[in-house]
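Enquirer: I would like the atomic coordinates for the input below:
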Amino acid sequence: MILTIDIGNTNIVLGCMDEDKNEMILEERIYTDRKKAAVEYAITIKTIFDLHKIDPGTLSGGILSSSVPPVTGLVKKAAEQLLGKSIIEVGPGIKTGVDIKLDDPAQLGPDLLVGAVAGLAEYGAPLILIDIGTATTISVINDQHRFVGGMIMPGIHVSLDGLCMHAAHLPQIAIEKPKKLIGSATVDSMQSGILYGHASCLDGMVERIWEDLGYETPVVATGGLSTKVIPLCKKNIIVDDQLLLKGLMILYKKNHN
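Expert: From the prediction side, this is the model:
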């Protein structure tokens with residue numbers, strides 16, 4: 001088995017994948033805490049392994065992708081201590097097989113790169129990839145299999161936190177589908193605005209990207225809140241919540257010696 005780790009601003013997603021069957025054995029999320037020490041992350045990961053009855057010594061290796069530099073080294077050290085093996089880190093010099101056509105390819109975030117690797121392998125090109133997390137990102141791969149760019153916008157939690165911070169009478173709410181589109185109470189109205197608003201934004205962005213490319217593409221979404229938002233979209237969007245873990249597995253195979 002291979003340990004896959006995707007470090008995001010809000011959550012760290014841990015996965016264990018069977019190399020031969022290409023099957024996910026474990027998938028868990030833990031809170032990204034910049035104040036934790038490496039040993040604390042090691043204890044948390046070990047506890048998850050124990051709960052799933054997985055012996056870290058049976059894992060043959062691991063790979064890590066991070067969008068949070070202050071946490072990267074801590075989690076990598078913790079994982080290496082548990083496995084007793086080195087962990088591959090997604091970054092400059094790693095083999096990806098992705099043709100990146102950006103002004104500065106080095107600026108492409110590891111999470112977007114991993115998503116592109118998995119998207120190309122699973123769904124081919126052209127393709128639009130949406131990742132709904134702390135930020136909502138949209139990546140575009142054209143019909144020549146080239147990563148040509150994308151968009152970054154505030155995620156749902158960021159938008160909601162900003163709204164509540166600057167509007168004194170608005171409460172913090174759970175991010176749940178409202179009872180109806182047109183809210184008749186404050187909470188319902190906020191839930192409708194946040195979720196239907198985000199879904200409508202994604203529908204509109206997909207439409208604009210298709211117009212810019214000159215052709216339609218499949219659209220795939222991932223991220224912790226994708227299952228809340230995508231069902232409210234009018235466009236046909238595939239939800240693949242294991243996309244990044246699949247991408248990490250592909251990169252491990254490409255780069256493991």
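Enquirer: show me the shaky parts of the stretch 151-257 of the chain.
Expert: Scanning the stretch 151-257 of the chain for pLDDT under 70 picks out 257.
Enquirer: Phe147 is in contact with Lys101, correct?
Expert: Yes. Counting by C-beta atoms under 8 Å, Lys101 touches Phe147, with 6.4 Å between them. Every residue, glycine included, has its C-beta placed from N, CA and C.
Enquirer: settle it for me: which of the two has more neighbours?
Expert: A side-by-side neighbour count of Lys101 and Phe147, using other C-beta atoms under 10 Å, places Phe147 first with 27 against 13.
Enquirer: so the more buried one is in which element?
Expert: Element membership for Phe147, per DSSP states H and E: strand 146-154.
Enquirer: show me what that strand is packed against.
Expert: Packing partners of strand 146-154 (3 or more C-beta pairs under 8 Å, 6 or more residues apart in numbering; DSSP states H and E): strand 99-100, strand 135-141.
Enquirer: partners of the longest one in the sheet?
Expert: What it means is strand 135-141. Using DSSP bridges, strand 135-141 pairs in its sheet with strand 127-132 (antiparallel), strand 146-154 (antiparallel).
Enquirer: got it, and the first one?
Expert: For strand 99-100, the pairing partners within the sheet under DSSP bridges are strand 146-154 (parallel).
Enquirer: would you mark the buried spots in the helix or strand containing Asp203?
Expert: In this structure, Asp203 sits in helix 186-213 according to DSSP H and E. Within helix 186-213, the residues scored as buried using 16 or more other C-beta atoms under 10 Å are 187-188, 190-192, 194-196, 198-199, 202-203, 205-206, 209-210.
Enquirer: who does it touch, helix- and strand-wise?
Expert: Judged by 3+ C-beta pairs under 8 Å, 6+ apart, helix 186-213 is in contact with strand 127-132, strand 135-141, helix 156-166, helix 226-229.
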